[in-house]
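Visitor: my questions concern the predicted model and sequence given below.
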Amino acid sequence: MLSTQDAETWSIYLWMPGTDAHAVGARIRAARKSRKLSQRALGDLLPSPADGQYVSRWERGENMPSWPYLRAIARALGVSVASLIPDDEDDEPEPQAA
């Protein structure tokens, strides 16, 4: 579990210019598909008001999930938050089980 300070650091990172929403979305999509979940099924596992449309927007890179949603997505997919956020050396989505 991340400390409050780590959570704040990740939250700031997510909203920094240059954070690639498309890359985060691709990783969410890859993890979801590897678990054979539909977008709606993933949305149903997340806090309200998430639904399949939210998941679709995140996966297309139209919106970036907030920190609480990113944690919930990772938890629902059985991966770490870090595996959903590419770093400068990562180009391909490769989520790993937590």
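Guide: Cool, got the structure.
Visitor: output the contacting helices and strands for the top helix by length along the chain.
Guide: Across the chain, the longest stretch assigned as helix under DSSP state H is helix 21-34. The contact analysis (3 or more Cβ pairs under 8 Å, 6 or more residues apart in numbering; DSSP states H and E) places helix 21-34 against helix 52-60, helix 67-77, helix 81-84. Any C-beta I mention is one placed from the backbone N, CA and C, and that applies to glycine too.
Visitor: what's next to the following helix or strand past that helix, contact-wise?
Guide: Next in sequence after helix 21-34, counting helices and strands by DSSP states H and E, comes helix 39-45. Helix 39-45 has contacts (Cβ atoms under 8 Å, 6 or more residues apart in numbering) with 32, 37, 50-56, 59, 72-73, 76-77.
Visitor: only the buried subset of the residues you listed, as a PyMOL command please.
Guide: In PyMOL, this line selects whichever of the contacts of helix 39-45 come out buried by 16 or more other Cβ atoms under 10 Å:
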select buried, resi 32+37+50+54+55+56+59+72+73+76+77
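Visitor: and which of the contacts of helix 39-45 is nearest to Ala23?
Guide: When the contacts of helix 39-45 are compared for distance to Ala23 (Cβ to Cβ), Glu59 wins out at 11.2 Å.
Visitor: quick check: that closest one touching Ala26?
Guide: Yes - between Glu59 and Ala26 there is a contact at 7.4 Å, judged by Cβ atoms under 8 Å.
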